[in-house]
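Engineer: Could you work out the structure for the sequence below:
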Amino acid sequence: MKNDNANKLDTKDKENNMSEVIGENTFLKLRQQKEQMKAELEQVKIQRDIALRKQKKLEDAVKELRKIIEQR
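Structural biologist: Residues are numbered from 1 along each chain as shown. Purely as a prediction, here's the structure:
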């Protein structure tokens, strides 16, 4: 009887330990995904800034061309 109870407790301890390990692995994966997403977000922001600068240059070029055309 005592042996059965001890086995049940050992099994519960193992289950608890496994769930803690699984939980830790899940949190580790989530942290890694979060870090990856932050890095991707920074990359997208850089690409957006580059695109906005190019757009501004094109807008300025179009304005200059309009001035030249209107002067003729």
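Engineer: okay, CA-based contacts and neighbour counts for the rest of this
Structural biologist: Fine.
Engineer: Quick one: mean pLDDT for stretch 48-59?
Structural biologist: Across stretch 48-59, pLDDT averages out at 98.
Engineer: now swap in stretch 34-43 and tell me
Structural biologist: Stretch 34-43 carries an average pLDDT of 97.
Engineer: what's the neighbour count on residue 65?
Structural biologist: 12 (other C-alpha atoms under 10 Å).
Engineer: I meant to write residue 40 there.
Structural biologist: 12.
Engineer: i'd like the first residue to be 184 from this point on
Structural biologist: In the new count, where the first residue is 184, that last one comes out as residue 223.
Engineer: where exactly do the helices run in the chain?
Structural biologist: All helices of the chain, identified by DSSP state H, fall at 185-254.
Engineer: Which residues are in contact with residue 210?
Structural biologist: Going by C-alpha atoms under 8 Å, 6 or more residues apart in numbering, residue 210 touches no other residue.
Engineer: For residue 222, see how far away it is.
Structural biologist: 18 Å (C-alpha to C-alpha, to the nearest Å).
Engineer: repeat for residue 243
Structural biologist: Distance, residue 243 to residue 222, using C-alpha to C-alpha: 32 Å.
Engineer: Repeat that for residue 246.
Structural biologist: In terms of C-alpha to C-alpha, residue 246 sits 36 Å off from residue 222.
Engineer: Residue 214 too?
Structural biologist: For residue 214, the distance to residue 222 - C-alpha to C-alpha - is 12 Å.
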